[in-house]
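[1] no sequence on this one, just coordinates:
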Ligand SMILES: [Ca+2]
Ligand SMILES: [Ca+2]
């Protein structure tokens, strides 16, 4: 599925004067997954019913941009300027109107897309153990489901967009120059699917999504020169910068929109390997 390219956010401003205070972009490793616990509430001519199923979704190109203050532990606060979670691939099954142990309606659901995007900057306090929390964070949600409800309601795709104000918390830790955000917990998300996108047999569909990000790690380097995020600045970072020569992105350390000799000079000045 196409996902828009996310702009890199390295800025020169804090680069040489104070690398530690530059925004740091943390990414989730490819192949990461998250648990979801989904409750569907439906309304058909048989009346209302609900069922819950749990599954696993793939985490796609998700990232978080943060500025911890101070730039070395112990952090006392952290500004989160970007947080996106892109997921896909959940495979769930719901049983409605059970009679003598069999389902009158079985709904097979694939979560084709569940995108969760922070829409306001979050300034959170960090305690001595690295834990942080925000009671109310604004997220935009985009969800599309493919479903197959057999002869009763047929199959199709339903979609929803919503804005939610939910609590979020996590842990931030610095280890050998690599910054990690883990133990992410998002409050349960309620999504009302637009009835106009539902088939005739289905009068209403509400989705409640609980997420489990226990195994998801957002990781990046506090040092903007450390392009591969391994905590050191060396040959691997040079290779990345040279690979972007004449174009854009993470190797553009002075933020002028182009990777060139000026960025190479900066990289060599922060060489640690
Ligand atoms: Ca590196
Ligand atoms: Ca540049």
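    Structure received. Because the structure is a prediction, the values reported are computed rather than measured. Ligands and ions are numbered 1, 2, ... in the order given.
[2] give me the domain ranges for this protein.
    21-222, 223-273 (automatic domain parsing).
[3] is it possible to get a markdown table of those that adds mean pLDDT and mean neighbour count?
    Heads up, the C-betas are built off the backbone N, CA and C, glycines and all. Converted to a markdown table, those look like this (pLDDT from 0 to 100; neighbours: other Cβ atoms under 10 Å):
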| stretch | mean pLDDT | mean neighbour count |
| --- | --- | --- |
| domain 21-222 | 92 | 17 |
| domain 223-273 | 90 | 17 |
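[4] minimum distance to ligand 1: which of the ones you listed has it?
    With Cβ to the ion as the criterion, ligand 1 lies closest to domain 223-273 of the domains of the chain, at 4.2 Å.
[5] quick check, the closest one touching ligand 2?
    Yes - using Cβ under 5 Å from the ion, domain 223-273 comes into contact with ligand 2 via 252, 254, 256, 258, 263.
[6] check contacts around the fourth one.
    If you count contacts by Cβ atoms under 8 Å, 6 or more residues apart in numbering, residue 258 has them with 246-248, 252.
[7] same check, this time on residue 154
    Counting by Cβ under 8 Å, 6+ apart, residue 154 touches 199, 201.
[8] from residue 60, how far off is it?
    29 Å (Cβ to Cβ, to the nearest Å).
[9] got it, and residue 172?
    23 Å.
[10] repeat for residue 247
    23 Å.
[11] what does residue 189 give?
    Residue 189 sits 18 Å away from residue 60, going by Cβ to Cβ.
[12] would you agree residue 54 falls within a helix?
    No - Residue 54 is assigned strand when assessed by DSSP: H, G, I helix; E, B strand; the rest coil, not a helix.
[13] beta-bridge partners for it, please?
    Beta-bridge pairing of residue 54 under DSSP bridges involves residue 37.
[14] quick check, residue 58 in contact with residue 110.
    No - contact between residue 58 and residue 110 fails when scored by Cβ atoms under 8 Å: they sit 11.6 Å apart.
[15] the residue of the chain positioned farthest from its centre and residue 45, how far apart?
    Most distant from the centre of the chain: residue 100, at 41.4 Å, with distances by Cα atoms, centre = their mean. Per Cβ to Cβ, residue 100 is found 20 Å from residue 45.
[16] swap in residue 172?
    Relative to residue 45, and taking Cβ to Cβ, residue 172 is found at 51 Å.
[17] which strand of the chain spans the most residues?
    strand 155-175 (DSSP state E).
[18] in its sheet, which strands sit next to the helix or strand following that one, and in what direction?
    Under the assignment DSSP states H and E, the closest C-terminal helix or strand after strand 155-175 is strand 178-186. Sheet partners assigned to strand 178-186 using DSSP bridges are listed as strand 155-175 (antiparallel), strand 218-221 (antiparallel).
[19] take those and lay them out in JSON lines including distance to residue 76.
    Formatted as JSON lines, the strands paired with strand 178-186 follow (distance: least, Cβ to Cβ, whole Å):
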{"stretch": "strand 155-175", "distance to residue 76": "11"}
{"stretch": "strand 218-221", "distance to residue 76": "20"}
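[20] looking at those strands, which is nearest to residue 205?
    Among the strands paired with strand 178-186, the nearest to residue 205 by Cβ to Cβ is strand 155-175 (6.3 Å).
[21] next, the distance between the ends of stretch 257-271.
    22 Å (Cα to Cα, to the nearest Å).
[22] check stretch 36-51 too.
    Length of stretch 36-51, first residue to last, Cα to Cα: 14 Å.
[23] nearest residue to the residue most central in space within the chain in space, please, no chain neighbours.
    Nearest to the mean C-alpha position of the chain, by Cα atoms, centre = their mean, lies residue 85 at 1.7 Å. Residue nearest to residue 85 in three dimensions, not counting chain neighbours: residue 116, with 4.4 Å by Cβ to Cβ, 6 or more residues apart in numbering.
[24] please consider this matter closed, and thank you.
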